[in-house]
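A.B. asks: Predicted structure and sequence below. I'll ask about it afterward.
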Amino acid sequence: PLALAEADLMAAPTDQTLCEIRALNGDDVQLVFCSSRSFEESFTLERNTSPAVMAAVDQAVQGYDRLVAYKQQWIQAFDVITFRPSLDRVEIALDLNSRGASFDGSALSLKLLAATKQVLSAIAPIYTGQLPMNLFPAIGEIYKSRGSSELNIIDANFRTPSGAINRGKMPSTEEDLREEPFHKSGAEAVKKEIRVGGIVVAWTFKYPPGKAKTKLWTRLSVAAGKDPMLTDMELSDASRDGDVAQACTKIVKYL
C-alpha cells in the first residue's frame, strides 16, 4: 500500500481500514489494514540549559525552573491478519514503531479482529469459544534448547531459586547469553533451576535465508504464578514477509 504524506495523516482514518488482500502460498490469505495513530512526544527544558526559553516563560508564569512540552505526533500503521488453514492458525501482526509502548496491543488486536469481521464474515466461527495461543511455554523451551545455529538469546530476565531477580543482555546479536561465562557459571551453580520470564531471540534462518528478532516477555511476577499466560510477541528486524512467517513458525515449534 502507498504511504500517506505526513500532512495527510491527521485526516486519515484512525480505525483500521482494509487496503489490500494478498493470496499467499496454498490457501493462506493475508489482509492488510491501514490506519493513522498518534502519540505524545515530550521534551524538557531546564533553566540552566535554556535560559532564553525560560526567560520567555517567566513573562507568562514566573517561578518555574523547568518546562515540559508535549507534541502530538502522527504515524501511518499497517496491521496484518493472516489466515493459515493448513496450520489451523490465525496470526495477528501489529505495526508498532519504536514508541510502541504508547499503544495498547491487546486493544488494537481486538479492533483488528472487529475490522476483519466486517469484511470477512467467515472469521466469526473461528473465534467462537476460542482462546489465543499461549506463547509462554516457548520461553523456557527456547532457553533450554541447544545445538541450534539459527538462534541466539541476546536478552533475558530470570529469577533464581533463592528469589533473586536478574537480567542479562548481550551487546551483539551474534552472541548468545547462555554461553556468556558469568551467566553460564551462575546457571550451572543453581543446577539450571532458574525461572525465565522473558527472552529476546535473534534468528538467522537457513532455509530460506533471512533474519528476524522476536521478544517474548512477561513480568517475573507473572512468570512465577500458576499457569502464566502470554498471547503476544514483538517481532522486529524482519525485512521480508517470509522472515515474519518463519519467525512465527519457529516460536510455535517450541510450544
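C.D. replies: Noted; the coordinates are in hand.

A.B. asks: what residue ranges in the stretch 101-250 of the chain are flagged as low confidence?
C.D. replies: 101-103, 121-130, 147 (pLDDT under 70).

A.B. asks: Next, count neighbours for residue 171.
C.D. replies: Using other Cβ atoms under 10 Å, the number of residues around residue 171 comes to 7. C-beta: built from backbone N, CA, C; applies to glycine.

A.B. asks: oh sorry, the question was meant for residue 255
C.D. replies: The burial count for residue 255: 11, using other Cβ under 10 Å.

A.B. asks: Now that it has come up, it's in contact with residue 139, right?
C.D. replies: No. Using Cβ atoms under 8 Å, residue 255 is not in contact with residue 139, being 10.3 Å away.

A.B. asks: Doesn't residue 110 lie inside a helix?
C.D. replies: Yes. Counting by DSSP: H, G, I helix; E, B strand; the rest coil, residue 110 is found in a helix.

A.B. asks: so who does it touch?
C.D. replies: Under the criterion of Cβ atoms under 8 Å, 6 or more residues apart in numbering, residue 110 has no neighbours.

A.B. asks: separation between residue 222 and residue 254?
C.D. replies: Using Cβ to Cβ, to the nearest Å, one obtains 19 Å as the distance from residue 222 to residue 254.

A.B. asks: more crowded one of these two?
C.D. replies: residue 254 (18 against 14).

A.B. asks: so that one touches residue 136, yeah?
C.D. replies: No. The criterion here is Cβ under 8 Å, and residue 254 misses it with residue 136 at 10.8 Å.

A.B. asks: which neighbours do the two share?
C.D. replies: Counting by Cβ under 8 Å, 6+ apart, nothing touches both residue 254 and residue 136.

A.B. asks: Give me the secondary structure label for the residue nearest to residue 210 when sequence neighbours are not counted.
C.D. replies: Nearest non-adjacent residue to residue 210, counting by Cβ to Cβ, 6 or more residues apart in numbering: residue 243, 4.0 Å away. Put simply, residue 243 is helix when judged by three-state DSSP.

A.B. asks: For residue 243, give me its contacts.
C.D. replies: Applying Cβ under 8 Å, 6+ apart, the residues near residue 243 are 205, 210-212.

A.B. asks: Please state the backbone phi and psi of the residue lying farthest from the centre of the chain?
C.D. replies: Taking Cα atoms, centre = their mean, the residue of the chain most remote from its mean C-alpha position is residue 59, at 44.7 Å. Per-residue torsions, residue 59: phi -70, psi -30 (degrees, to the nearest 10).

A.B. asks: So for it, what's the pLDDT?
C.D. replies: What the model reports for residue 59 is a pLDDT of 80.

A.B. asks: hmm, back to that, so which of the contacts of residue 243 belong to helices?
C.D. replies: Nothing among the contacts of residue 243 maps onto helices, per DSSP state H.

A.B. asks: If residue 91 is in a bridge, with which residues?
C.D. replies: residue 82 (DSSP bridges).

A.B. asks: separation between it and residue 29?
C.D. replies: Noted for residue 91: a distance of 11 Å to residue 29, by Cβ to Cβ.

A.B. asks: what is in contact with these two at once?
C.D. replies: residue 82.

A.B. asks: Just confirm residue 39 contacts residue 77, I think it does.
C.D. replies: No. Using Cβ under 8 Å, residue 39 makes no contact with residue 77, being 11.0 Å away.
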